[in-house]
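> next one to model:
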Amino acid sequence: MGQVVDLARTEVEPPARKGLSRGSAARLGLMALPVAFFGVFFAYPVAAIVARGLKADGAWQWGRIGDVLAQSGIQHVLWFTTWQAFASTALTLLIALPGAYVFARFDFRGKQVLRAVVTVPFVLPTVVVGTAFLALVGRGGLLDELWGVRLDTTVWAILLAHVFFNYAVVVRTVGGLWAQLDPRQEEAARMLGASRFAAWRKVTLPALAPAVAAAALMVFLFTFTSFGVVQILGGPTFSTLEVEIYRQTSEIFDLATAAVLTIIQFMAVGAILAVHAGTVRRREAALRLVDASMTARRPRGAGQWALLGAVLATVAVLLVLPLAVLVQRSFDAPGGHGFAYYRALTHDDGGTFLVAPITAIGTSLQYALAATAVAVLIGGLAAAALTRRDAGRLVRGFDALLMLPLGVSAVTVGFGFLIALDKPPLNLRGSWILVPLAQALVGVPFVVRTMLPVLRAVDERLREAASVLGASPWRVWREVDLPMVRRALLVAAGFAFAVSLGEFGATVFIARPDNPTLPVAVARLLGRAGDLNYGQAMALSTILMVVCAVALLLLERVRTDRTGEF
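Residues are numbered from 1 along each chain as shown. Next up, the predicted model:
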C-alpha cells in the first residue's frame, strides 16, 4: 500500500510543480500591463513634480522639507487635515453602522432602490457634494431661509458632507459582511444565557471587527485627502493637505512646498493602505460565511421597526435632503420656478467657457467611456493576477500599489501630467486622452476591489481541471472565470464609469477650456459671481447626479451579494 502511495506521489508531484511554475509565470504576465500603466501614468508624473520642487542645479534639496514643516501655516494644515479625518471617520461610523445592520439583516420593500440611493453620494464628484451642502447650509440656503442658520463657515458643514459622501462605504463594506455572518451563532450564545448585547459583543462584533476597521480606514483615507468638499465649504479658514497642495501649485506656484506636502501625504496614505491590506486579508481568511439571502428577514417587533424607521429618516435627512435641495435650486430661477438655468446652459457667455456649458455633458460621457474601457482592462488583468490568496509579498505589494491613486494627491497627478507628459515619446499634453487616463487611475481600484472577491470565490479545482485537459491560461479565464464573474465585471464597469464622471482633482488641471468636464464646469461656474452662474452650476450638478443615479439603479439589477466590497 505504501509503495502505491509513493508511486502516486512520484507521478503527481512533478506536474503540480510545473503547474505552479506555469501559474506564477501567467500571474507575472498579467501584472505586466498594469505595472507599466501605473509606472508611466502615476509614478512618473508624481516623481516628476516632486523632483521639480526639491531639485535645484541637479542636486536634491532635502532641507526644504524641514523649512516647510517649520511654517506655522503648514503645521495648522497638517493638524486640521488629521483632526477632521478622525472626526469625520468617527461620525460616519456612528451614523452608518445602524444602516449597515438594517441592510444586512432586514428584508423590506424597496431595499434595492434604497441601496442605490445610499450609494449615489459616494460616486458623486466631491465638488457636487460641496455644492449640494452649500445649497442646504450656506448663505441663502434652506437652513438660512427657514431658521437663519448657516454652517458653511463652520467645520460642521465639512464633517456632515464627509458623512454624506462616505455613508455608503460603511454600509457596503460592513453590511456586506454582516449579511453573510451566520446568525445562528449569536442565537446559540443567547440560548446559553447571554443577553442580546453580550451575544453581539462576544460573537458578532469580533467577526465584524476587520470589516469595521477596513471601512474606517477607507473613510479616513477619503477624508484625509478631501479636496472638493473642503475647497467649497471650508473657505479661507479651513484647508486640508490636498487643498493646500492645489493652492501652492496653481495660485502661489511654490512647487517646493507642494512637493513636500505631496511626500507627506504619500507616506501617510501608504501607511493607511498597509494597515487596510492587513485587515482585508484577516477578513478573507478568518470567517466562514453563508448565503446572504438566508440571513435577511422582515423586521419583527416595535424595536426593529423603530430602528428601520430611524435609518430611513437618517437617509432622508442626511442623504436625500441635500440632493433634493440641489434639484430645487436648479429650478429656482429669478422669474419663478422653471428651466431658465437649464436653457442658459445651451448658450456661451464668452467668459467662463469657450463653448456652451451643455457641451460638458457629452464631453464627460465620452471621457468616462474611454476611462471605463481602460480601467476595466487594467483592473481586470490586475484582479486576475491577484486571484490566488497564497501570493507572495511582491503580489500583495502590487495590490497596495493599485489603491494608491485613491489617496495620493489627484492635484499632484494632474499637474504632474502637464510637467512629465510633454516630451516625446510621451508628448500627450495636447491630447484628449490625458483626461481619460487620469480618470482611469481612480477607476482601476474600484474594478479590482469589485472583481477580486468574486474571482477568489471560483473553485480552484475547476481551473486545475481545465489546465489538465490542455487549456491555456487565456482559455481557462475565458471558459471558467468569465462566465462566473460576468455580473461582477458589469458592476465594476459601472462603478468605474460613475467614478470617472466625477473625477475632479486631476481633471481640473488637464481639461481644456474648449472641452470641460462636468465637475470642472461646475467648479468654474461656482467660482464666478452672479445668480445665473450659481443656477447653472446647480443645473449641471443635477444632471450629473441623475446620470450617476440611473447608472447605480442599473447596477443594482445585476448586482449579487458577492459582487465585491462595493
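> residues contacting residue 186?
Contact analysis of residue 186 by C-beta atoms under 8 Å, 6 or more residues apart in numbering lists 199, 200, 203, 204. All C-beta spots, glycine's among them, are computed from the backbone N, C-alpha and C.
> could you pull out the strands for this protein?
In the chain, the strands defined using DSSP state E lie at 55-56, 59-60, 332-333, 336-337, 422-423, 426-427.
> of those strands, which stretch is the most buried?
Per-residue neighbour counts averaged over each of these give the maximum for strand 332-333, namely a mean of 18 (mean count of other C-beta atoms under 10 Å).
> flag the shaky bits of the stretch 1-150 of the chain, pLDDT-wise.
Judged by pLDDT under 70, the stretch 1-150 of the chain has its weakly predicted residues at 1-27.
> report the buried members of the contacts of residue 186.
199, 200, 203, 204 (16 or more other C-beta atoms under 10 Å).
> among those residues, name the ones in helices.
residue 199 (DSSP state H).
> now the buried ones among the contacts of residue 186 as TSV including pLDDT and distance to residue 107?
Shown next, in TSV, are the buried ones among the contacts of residue 186 (pLDDT from 0 to 100; distance: C-beta to C-beta, whole Å):
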residue	pLDDT	distance to residue 107
199	72	22
200	72	20
203	74	22
204	75	19
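> can you pull out the helices in the stretch 251-400 of the chain?
Taking DSSP state H, counting those that start in this stretch to define them, one finds helices in the stretch 251-400 of the chain at 255-286, 301-314, 321-331, 340-344, 359-385, 393-403.
> and the fifth one, how far out from the chain's middle?
Here helix 359-385 shows a centroid-to-chain-centroid distance of 14 Å under the convention C-alpha atoms, centre = their mean, to the nearest Å.
> likewise for the second one?
Between the centre of helix 301-314 and the centre of its chain there are 29 Å (C-alpha atoms, centre = their mean).
> how many neighbours does the nearest residue to residue 62 once chain neighbours are set aside have?
Nearest non-adjacent residue to residue 62, counting by C-beta to C-beta, 6 or more residues apart in numbering: residue 54, 7.1 Å away. Neighbour count of residue 54, defined by other C-beta atoms under 10 Å: 20.
> quick one: contacts for residue 54?
Contacts were defined as C-beta under 8 Å, 6+ apart; by that measure residue 54 touches 60, 61, 62, 64, 65, 256, 259, 260.
> quick one, what contacts the second one?
Right, residue 61. Applying C-beta under 8 Å, 6+ apart, the residues contacting residue 61 are 54, 55, 256.
> before we move on, back to that, residue 86: which of the contacts of residue 54 is nearest?
Of all these, residue 86 sits closest to residue 260, with 22.6 Å by C-beta to C-beta.
> can you get me a residue count around the closest one?
25.
> I'd assumed residue 116 was in contact with residue 552.
Yes - between residue 552 and residue 116 there is a contact under C-beta atoms under 8 Å: 4.3 Å.
> the two: who's more crowded?
Neighbours per residue (other C-beta under 10 Å) separate residue 552 from residue 116, with residue 552 holding more: 24 against 21.
> ok, back up a step: can you redo the helices of the stretch 251-400 of the chain as JSON lines with mean pLDDT?
As requested, these are exported to JSON lines (pLDDT from 0 to 100):
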{"stretch": "helix 255-286", "mean pLDDT": "73"}
{"stretch": "helix 301-314", "mean pLDDT": "90"}
{"stretch": "helix 321-331", "mean pLDDT": "88"}
{"stretch": "helix 340-344", "mean pLDDT": "87"}
{"stretch": "helix 359-385", "mean pLDDT": "90"}
{"stretch": "helix 393-403", "mean pLDDT": "69"}
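> out of those helices, deepest packed?
Among the helices of the stretch 251-400 of the chain, helix 359-385 has the highest mean neighbour count (mean count of other C-beta under 10 Å), at a mean of 22.
> same for it, what does it pack against?
In this structure, helix 359-385 makes packing contacts with helix 2-38, helix 393-403, helix 434-457, helix 482-502, helix 518-526, helix 531-558, judged by 3 or more C-beta pairs under 8 Å, 6 or more residues apart in numbering; DSSP states H and E.
> now render those helices as a markdown table, adding distance to residue 130.
Compiled in a markdown table, the helices and strands packed on helix 359-385 are given as follows (distance: least, C-beta to C-beta, whole Å):
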| stretch | distance to residue 130 |
| --- | --- |
| helix 2-38 | 29 |
| helix 393-403 | 24 |
| helix 434-457 | 18 |
| helix 482-502 | 12 |
| helix 518-526 | 8 |
| helix 531-558 | 10 |
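> which one of the ones you listed lies nearest to residue 132?
Taking C-beta to C-beta, helix 531-558 is the member of the helices and strands packed on helix 359-385 nearest to residue 132, at 7.0 Å.
> picking that back up, and the contacts of residue 186, which is closest to residue 380?
For these, the minimum distance to residue 380 (C-beta to C-beta) is 34.4 Å, reached by residue 204.
> which ones are touching that closest one?
Applying C-beta under 8 Å, 6+ apart, the residues contacting residue 204 are 178, 181, 185, 186.
> ok, now with 6 Å
residue 186 (C-beta atoms under 6 Å, 6 or more residues apart in numbering).
> equivalent analysis for residue 326, please.
Contacts here follow C-beta under 6 Å, 6+ apart; on that basis residue 326 touches 132, 135, 541, 542.
> ok, and what's touching stretch 162-177?
Residues from elsewhere that reach stretch 162-177, judged by C-beta under 6 Å, 6+ apart: 88, 91-92, 95-96, 99-100, 103-104, 118-119, 121-122, 129, 211-212, 214-215, 218-219, 222-223, 318, 565-566.
> sorry, wrong one. I was asking about stretch 215-228.
85, 88-89, 92, 126-127, 130, 162, 166, 169-170, 173-174, 240, 242, 272, 276, 407, 504-505.
> kindly recompute the last result at 7 Å.
Contacts to stretch 215-228, defined as C-beta atoms under 7 Å, 6 or more residues apart in numbering, come from residues 81, 84-85, 88-89, 92-93, 125-127, 129-130, 162, 166, 169-170, 173-174, 240, 242-243, 246, 265, 268-269, 272, 275-276, 279, 406-407, 409-411, 504-505.
> what separates it from the chain centre, distance-wise?
When C-alpha coordinates are averaged (C-alpha atoms, centre = their mean), stretch 215-228 and its chain have centres 9 Å apart.
> what's the answer for stretch 36-50, then?
On the basis of C-alpha atoms, centre = their mean, the separation between the geometric centre of stretch 36-50 and that of its chain is 20 Å.
> please apply the same query to stretch 536-548.
20 Å.
> which outside residues touch that stretch?
Under the criterion C-beta under 7 Å, 6+ apart, residues 120, 123-125, 128, 131, 135, 323, 326-327, 329-330, 341-342, 344-345, 357, 360-361, 498, 501, 518, 521-522, 525-526 lie in contact with stretch 536-548.
> can you do 6 Å?
The set of residues external to stretch 536-548 that reach it, using C-beta under 6 Å, 6+ apart, is 120, 123-124, 128, 131, 326-327, 329-330, 341-342, 344-345, 357, 498, 518, 521-522, 525-526.
> could you pull out the buried residues of it?
Neighbour-count burial for stretch 536-548 flags 536, 537, 538, 539, 540, 541, 542, 543, 544, 545, 547, 548 (criterion: 16+ other C-beta under 10 Å).
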